[in-house]
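Visitor: Give me a 3D structure for the following:
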Amino acid sequence: MSQAIWIARDYAKCSGCRRCEIACSVKHEGRIWPEASRIRVFMLAPGAEIPHFCAQCHDHPCLESCPVQAISVSKDTGALLVDKEKCTDCGSCIEACPGRVPHLHPAENYALICDLCRGDPQCVKVCGEGGWDALWVAPAPESYSYRLYAKKPDELTKELLINLLGEKGLEVA
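Guide: Model (predicted):
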């Protein structure tokens, strides 16, 4: 296996432009279709945009939960891969994910999970081109849990707001 990669993220740098959603949907769907993107940007509070996508957990709870073995791990990148022919859109992977990251394709019957664009993440490219640098490719972390990032959008938004505004500022917001 080659070096596994990971998409690191700095939520405070996200502008909410959603270029990442567009690049992902063009790569995977051949057209601009943010609903079918493997990355989604949530804005649950003004000024706090959260790019939400697979954290590539070490223990792969989504993979373990799949009753039809439709999810596998790429030998090249370490990314989770969904076999859309096997997937029955049962939602087990969504429920098992600590961040509830997988979501169902809007027109077809399978789960969407970031596959790191097979080693060339398009979301990272457009984020860097835009100068935001909220996302970047890094070697897969070994010294800490990916689960630091495997959280629901509302949890991540709260953490970002505390980081930006402090506890007192969050009470006002």
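Visitor: Tell me where the model's unsure across the protein.
Guide: Counting by pLDDT under 70, the chain contains low-confidence residues at 1-2, 143-145, 169-173.
Visitor: That one: strands as residue ranges?
Guide: Taking DSSP state E, the strands of the chain run over residues 5-9, 40-45, 48-52, 71-73, 80-82, 103-104, 111-112, 135-139.
Visitor: Next, format the ones you listed as CSV and append mean neighbour count and distance to Ala150.
Guide: From N, CA and C alone the C-beta is placed, and that goes for glycine too. Shown next, in CSV, are those (neighbours: other CB atoms under 10 Å; distance: least, CB to CB, whole Å):
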stretch, mean neighbour count, distance to Ala150
strand 5-9, 21, 12
strand 40-45, 17, 15
strand 48-52, 23, 10
strand 71-73, 17, 15
strand 80-82, 21, 12
strand 103-104, 18, 15
strand 111-112, 26, 16
strand 135-139, 15, 16
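Visitor: And these: which comes nearest Arg147?
Guide: Of all the strands of the chain, strand 5-9 sits nearest to Arg147, with 12.5 Å by CB to CB.
Visitor: Show me what that closest one is packed up against.
Guide: Applying 3 or more CB pairs under 8 Å, 6 or more residues apart in numbering; DSSP states H and E, one finds that strand 5-9 makes contact with strand 135-139.
Visitor: if we can go back for a sec, wait, which of the strands of the chain is closest to Gly16?
Guide: Closest to Gly16 of the strands of the chain is strand 48-52 (CB to CB; 3.4 Å).
Visitor: Within its sheet, name the partner strands of the closest one and how each one runs.
Guide: Pairing partners of strand 48-52, with direction, according to DSSP bridges: strand 40-45 (antiparallel).
Visitor: Touching, Val101 and Tyr149? I think so.
Guide: No: if you go by CB atoms under 8 Å, Val101 and Tyr149 don't touch, sitting 9.6 Å apart.
Visitor: neighbour-wise, which of those two wins?
Guide: A count of neighbours by other CB atoms under 10 Å puts Val101 above the other of Val101 and Tyr149, at 28 against 22.
Visitor: Val101 is in contact with Leu112, correct?
Guide: No: the pair Leu112 / Val101 is not scored as a contact, 9.1 Å apart, by CB under 8 Å.
Visitor: circling back to that earlier point, would you turn the strands of the chain into a markdown table with distance to Val26?
Guide: Converted to a markdown table, the strands of the chain look like this (distance: least, CB to CB, whole Å):
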| stretch | distance to Val26 |
| --- | --- |
| strand 5-9 | 17 |
| strand 40-45 | 15 |
| strand 48-52 | 16 |
| strand 71-73 | 24 |
| strand 80-82 | 19 |
| strand 103-104 | 18 |
| strand 111-112 | 15 |
| strand 135-139 | 16 |
